[in-house]
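Engineer: Next comes the sequence, and after it the predicted model I'd like to discuss.
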Protein chains: 2
Amino acid sequence: MFGAAMAPSPENNKIDEQKKDYFSMDLSRLLTSAGINIGICALFLSLYSVFRKQPGNVYVYFGRRLSQEDGERRNINALERLVPSASWIVKAWQITEDELLSFAGVDAVVFLRVLVFSIRIFSIAMVVCIFGVLPVNYFGEVKKHMAIPPEALFVFTIANVKDKSQWLWVHCVALYIITLSACILLYFEYKSISGMRLAHITQSPPNPSHFSVLVRSIPRSSDESLDDAIKNFFTNYHGLSYLSHRTIHRTGKVHKFMSTAEKVYKKFVRLKVAQFDHKCRPNIYRCGLCGGTSNSFQLYHNDFELDAKKKGHDHSETTDEKKECSAAFVFFKTRYAAVVASQVLQSSNPMLWVTDQAPEPHDVYWPNLWIPYRQLWIRRITILVASIFLMIMLVPPITFLQGLTQLEELKEKLPFVKIIIKRNILMRLVSGYLPSVLLQLLIYTVPPVMMLFSAVEGPISRSGRKKSACCKVLYFTIWTVFFVNVISGTVLNKLDAISTPKDIPSLLAKAVPEQSTFFMTHVLTSGWASLSSEIMQTFALIYNFVGKRMFGLQDDPDSVPSFPYHTEVPRLLAFGLLGFTCSILAPLILPFLLVYFFLGYVVYRNQIMNVYCSKYESGGQMWPIVHNTAIFSLVLTQIIALGVFGMKRYPVASGFTIPLVIATILFNEYCRQRFYPMFNNISAQDLIQMDRDDEQSDRMEEIHQLLLTAYCQSAPPASSQDTCDDDGSSINEANRTDFSQEIIDSITPHQTWDCRT
Amino acid sequence: MFGAAMAPSPENNKIDEQKKDYFSMDLSRLLTSAGINIGICALFLSLYSVFRKQPGNVYVYFGRRLSQEDGERRNINALERLVPSASWIVKAWQITEDELLSFAGVDAVVFLRVLVFSIRIFSIAMVVCIFGVLPVNYFGEVKKHMAIPPEALFVFTIANVKDKSQWLWVHCVALYIITLSACILLYFEYKSISGMRLAHITQSPPNPSHFSVLVRSIPRSSDESLDDAIKNFFTNYHGLSYLSHRTIHRTGKVHKFMSTAEKVYKKFVRLKVAQFDHKCRPNIYRCGLCGGTSNSFQLYHNDFELDAKKKGHDHSETTDEKKECSAAFVFFKTRYAAVVASQVLQSSNPMLWVTDQAPEPHDVYWPNLWIPYRQLWIRRITILVASIFLMIMLVPPITFLQGLTQLEELKEKLPFVKIIIKRNILMRLVSGYLPSVLLQLLIYTVPPVMMLFSAVEGPISRSGRKKSACCKVLYFTIWTVFFVNVISGTVLNKLDAISTPKDIPSLLAKAVPEQSTFFMTHVLTSGWASLSSEIMQTFALIYNFVGKRMFGLQDDPDSVPSFPYHTEVPRLLAFGLLGFTCSILAPLILPFLLVYFFLGYVVYRNQIMNVYCSKYESGGQMWPIVHNTAIFSLVLTQIIALGVFGMKRYPVASGFTIPLVIATILFNEYCRQRFYPMFNNISAQDLIQMDRDDEQSDRMEEIHQLLLTAYCQSAPPASSQDTCDDDGSSINEANRTDFSQEIIDSITPHQTWDCRT
């Protein structure tokens, strides 16, 4: 089938006819598909409302609450447990942004803002397009319409409008309204989010990362130790503000062995402790409050280390096992001094004494600090090439999946399909569903790979890694969902033509309306289904069930997942792109999309409230990505519209669209100038003000004391593997600041640092 | 003719034949052209050696010397004056780099280094290609060769090598040797130039720009004056290091009228003072040493101002005529503090309190400081669009010129040409010369336009403007000389094919050898002729002659031109590009190119020594441009080679070329990491060291005193229009630091600032 899809021109006509056939799928089929999906969604949501009441699933559905709040859980009687309810929707709806901000941080709020923005703009677009554009499309060709339900979807798209039709100005006006509203909304969102970011930085409790600088590529000399070198350099050049530093060690093999052994031991303990105690706090075998059983390993561990020290191996082992990296955290007395040190070129050799603003202690990605700075640029280039390679390599399977939509071909290749297809309902299912589901499965495998790629790239922080993965997944999603589908699904045989840049608009103009049916079913299946799957936490639920019933595993209170921004943000943005590009061409997609965004708003609020913890915080670094993607979507929409107006030979509208493209690009450039620097730097004014405030309230001494212990690489041996940031990759097994410490902190809030802020 | 060139396929074959005809131009024609050019060059150089001895031309040929050194000119007798000599070549050859560095600055030395690099790499390329590649090309097709002179040039290019020839490995090896040597040379040049830049910064006398920051977009409030706002902001946030500031004024209409009147008056004085006095210093009517005649206007000017003040208009006029810009120079106590202030984001609104490192006092481009900061990004985008538009607009005339090389067509369109062409020598001249000369004339008009564009863009320094213009001219030159020629000259009718990216290498592979003849004549005409014209200073000479003889103008001692980097650097780099791309395809170009670079080396050394003054200094900012262009040329060469090996069906060589492309790109990336930051920033280490040195030698107080007067916008009324930076645009007429002051300084060297360093 793939071969056939890739085949050159001879089969053109046949394939074209098949497309036409697919393209003319009627409204009833679409409504069937929608109905099925609504049913499935309702089922899943009901199931969720039941499952969440089962005590066995409490760690699946209330991970964050358990780890961060005192669970004053009321007893639910057995009958109530089995009745579906909508109370969670009400709760999710009622929580205010300020509350969310207080426990989930800026990132989560920014994520919800993406949804709010999408709901707003697509509401406007829907009103404009359903009442303005849709009638024009429907009555475009003067022909006798059938009854609405069996009508081909074709008649609702712009393809139904006559050439040179004077009514195309409606589309042009709609485009203007959508662009204008989007720009206004984007501007105010950017403004409010940058304000939120600023407030987050200035008003949250003192953050150790503001006082710290990560120095890499420290030159090694034989006559002074690394410690001395750092101390000499910074006392010499930043003497007034230098406070202290902390070198970074690479953990050796014995250390690694020990931590692996520990993990195995812990699993073992979980298997043994079969009974689950409701009242027992998550930190059962970490603080030893619930008994000493799990501390026995700890004792062995300490014995082992003591033994080694006694034997005088101490020094040799330190050098052997904990190799010093040529990197260190340097602490400064004031925030301003730290920012200055991180931004000014330190040495006349730019590859030495490289300084960066340090990430938050919980955000530090320790394994990457070991990477020599000189390697980074090679790693970055390699990963860039690998990502592009991956994106190209996945085109054939996607083309294949797209080929499945052509049922005629499917029948030829797989004879048994014929029999099934005869039943009408199944035909609808297969043609509407299968390719989209398979495509989604394929797309599910990509984020872990991209996360791995991003880790190899060498970011120093987890949030940096996630941001980088988010961008990669975004490019990939847009590339596959939009471009590959559009290109391969409709005009693969004209692939040669696509390399001519000037043909792209008209090509897209032809392809996008034709693909609108696929996009609609994609929203129904991939979009709605992904939300159902998200709220059900399918994987975690199955793991929980199988683990408990089959292997008698105890609940693992540490495995509170962090929010998977790198998969969810690209998904939202890709749907946004579909919405923008289809809005004036095939407006029927908008109601489905709006339902998706509304449902998503409730679901994600609920998840952020209950399931995901936010261990670190990028302070809304995601928004510039969202903004740029929205602008890209707008410009792409306009270019496609240009192509359409050109094809329909209506030059007036083309003439009006070109200034719109220019204005949109200028608007983006203005926003980049006006807001973007705030997402990279903190201003001197704010930093100095914060320093002064702390000095006046005599907190500085205390802050300096706390600074010295903020970045502890070698966590206490009993520290758990932190799965809170688990992204499917096994790289993040490095020792990190003790997680239990944070939980203790959260019980006695804001006592010292609030590391989550 | 243009229409014909743009015509679609029907005339393909005919044009192809004509091309073939042109392409097979024989060696004798080329040698004729070379002979003529050598003759012309020799003539011009001899003429120069005579002209430079004439006292009347002293300001044309010794502008820098007169303005910067005490002219201890010996008397030359009348006979000696008329005998050509080569002594200037010896002198230009003998001067050392250190001497050049001392009076011409880093920029001039970097420019000469471009020539040295070109000579080195093309010497290596010539040895490899003449002894390795050329014989392979020549004996490529097994056929009977004619005697060498009438042999077609075709046989010396790679087009003569058989398909699948095993000898293509020679080309591949040559490519490897050239790339490797180029990279090694580039690396060491980059290293030594960044060292030179560092030495220039650290070892030259204290530079006011290091202590100063240009602040723009200062928020205006009604309740405090601009002065107070600046003072409050910087004492508040940079209290320890803030020294003082100086607001910038916009000169009003009366002021402009006065300075225009002054200029007219000066021209008038020059007309009147008919006699030329050798001993009279350039500052004849500026310091009044040679009499009070020219001071009369000054007195009127002062009277006028005094009157205005007496009438009590003083205040109103100040506000009316000298409007305050929302920009100021802020001075700091140490260099480090200034750099910190310039690099850290000042306000949480990134569009307010925008800080930049200040340019040197002589380098400040005053008219642009008035531009509101908010306009800059729009200006930049506008200019970008305008530049691209210009480059596209100039394609038709260039295509037309290229059409002239097709003599057959020329004969058809202009019948009288036929008669002339019958004489063989003329035919050679026209076909070899005309298009190149016309092309050059066209190209001559571009730099002033680009300079104007760059000024509108809004750079704050003259060197920044020149650098920006240099880049624009470079893109333009490469685009026109290389790409448009290659594309339009050979395969214009296949323009559609070019939009397919994968076809580009093979297209170039076909086109470049075919165009090699044109490139050779281009080197002969445009290259050699431009050097002759440069040394003769044709325009200045004619202006000088006409002005003196016809209008009795006196020598204008102020019009010492500054070095036109923005025209010369792109020219050198474009020839380098031709050299690289043709080296293994048509190695015959290399000897001509080498002669050009050798001659250029002598000529430019002489010009820098005698003619051009260097008023400001970018500290070698040009080199990264040169480096990037060299890498671009290398990669382009490799891509063309890939196309050639593909066309000749020799996959082994293609296989070996791909890693070379990757290695070259990686090398460039490494250099960008290793050296480029030094061209943007000065390291904290160096700055602090310089500050300490000055503090220890108790010079700081003195420096601070001088700082306050370093940036004086309103020059004394009698200051001349500074034509030292004359680039053909009339924008730089703003008042600037008094030029005469600098000359007085240069007489008593290093007394206070050395503003030229």
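Structural biologist: In hand now; what should we look at? Residues are numbered from 1 along each chain as shown, chains lettered A, B, ... in the order given.

Engineer: Return the residues of the stretch 551-700 of chain A in contact with chain B.
Structural biologist: With the criterion set to Cβ under 8 Å from any Cβ of the partner chain, the stretch 551-700 of chain A comes near chain B through A:666, A:669-670, A:673-678, A:681-686, A:688. Where C-beta positions appear, they are placed from N, C-alpha and C, glycine not excepted.

Engineer: Next: chain A.
Structural biologist: Counting by Cβ under 8 Å from any Cβ, chain A sits next to chain B at A:198, A:237, A:339-341, A:343-351, A:377-378, A:381, A:496, A:499-502, A:666, A:669-670, A:673-678, A:681-686, A:688.

Engineer: Now, of those, which are buried?
Structural biologist: Among the residues of chain A next to chain B, the ones that count as buried by 16 or more other Cβ atoms under 10 Å in any protein chain shown are A:198, A:237, A:339-341, A:343-351, A:377, A:670, A:673-678, A:681-686, A:688.

Engineer: Would you tell me what the next helix or strand after the lengthiest helix in chain A is?
Structural biologist: Across chain A, the longest stretch assigned as helix under DSSP state H is helix A:168-203. Next in sequence after helix A:168-203, counting helices and strands by DSSP states H and E, comes helix A:208-211.

Engineer: which sections of the stretch 251-400 of chain A are below the confidence cut-off?
Structural biologist: Applying pLDDT under 70 to the stretch 251-400 of chain A picks out residues A:251-324.

Engineer: can you give me the strands in it?
Structural biologist: Taking DSSP state E, counting those that start in this stretch as the test, the strands found in the stretch 251-400 of chain A are A:322-332, A:354-357.

Engineer: Just put those in a markdown table and tack on mean neighbour count and distance to residue A:100.
Structural biologist: Shown next, in a markdown table, are these (neighbours: other Cβ atoms under 10 Å in any protein chain shown; distance: least, Cβ to Cβ, whole Å):
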| stretch | mean neighbour count | distance to residue A:100 |
| --- | --- | --- |
| strand A:322-332 | 22 | 31 |
| strand A:354-357 | 19 | 26 |
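
Engineer: Can you tell me which of the ones you listed is nearest to residue A:127?
Structural biologist: Among the strands of the stretch 251-400 of chain A, the nearest to residue A:127 by Cβ to Cβ is strand A:354-357 (44.8 Å).

Engineer: neighbouring strands for that closest one, and are they parallel or not?
Structural biologist: Its sheet considered, strand A:354-357 pairs with strand A:212-216 (antiparallel) by DSSP bridges.

Engineer: Near residue A:533, how many residues? Count them for me, please.
Structural biologist: 14 (other Cβ atoms under 10 Å in any protein chain shown).

Engineer: and stretch A:583-598, which residues are buried?
Structural biologist: Under the neighbour-count criterion of 16+ other Cβ under 10 Å, stretch A:583-598 has A:583-590, A:592-597 buried.

Engineer: Helices - which of those land there?
Structural biologist: A:583, A:589, A:590, A:592, A:593, A:594, A:595, A:596, A:597.

Engineer: Tell me which residues touch the closest residue in space to the third one that isn't next to it in sequence, please.
Structural biologist: Closest residue in space to residue A:590, ignoring its immediate chain neighbours: residue A:126 at 4.2 Å, by Cβ to Cβ, 6 or more residues apart in numbering or on different chains. Residues near residue A:126 by Cβ atoms under 8 Å, 6 or more residues apart in numbering or on different chains: A:587, A:590, A:591, A:594.

Engineer: cutoff 10 Å now
Structural biologist: Counting by Cβ atoms under 10 Å, 6 or more residues apart in numbering or on different chains, residue A:126 touches A:134, A:579, A:583, A:587, A:589, A:590, A:591, A:593, A:594.

Engineer: Need the residues you listed in a markdown table (columns: distance to residue B:385).
Structural biologist: What follows is the contacts of residue A:126, written out as a markdown table (distance: Cβ to Cβ, whole Å):
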| residue | distance to residue B:385 |
| --- | --- |
| A:134 | 37 |
| A:579 | 30 |
| A:583 | 28 |
| A:587 | 34 |
| A:589 | 35 |
| A:590 | 34 |
| A:591 | 40 |
| A:593 | 35 |
| A:594 | 38 |
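
Engineer: any idea which of these is closest to chain B?
Structural biologist: Nearest to chain B among those, counting by Cβ to the nearest Cβ, is residue A:583 at 27.4 Å.

Engineer: Excluding chain neighbours, what is closest to that closest one?
Structural biologist: Nearest to residue A:583 is residue A:125, by Cβ to Cβ, 6+ apart, at 4.7 Å.

Engineer: ok, now residue A:572?
Structural biologist: Among residues not flanking residue A:572 along the chain, residue A:114 sits closest, at 5.5 Å (Cβ to Cβ, 6+ apart).

Engineer: same check, this time on residue A:339
Structural biologist: Of all residues not flanking residue A:339 in the chain, residue A:687 sits nearest, at 5.8 Å (Cβ to Cβ, 6+ apart).

Engineer: element containing that neighbour?
Structural biologist: Applying DSSP H and E as the criterion places residue A:687 in helix A:684-696.
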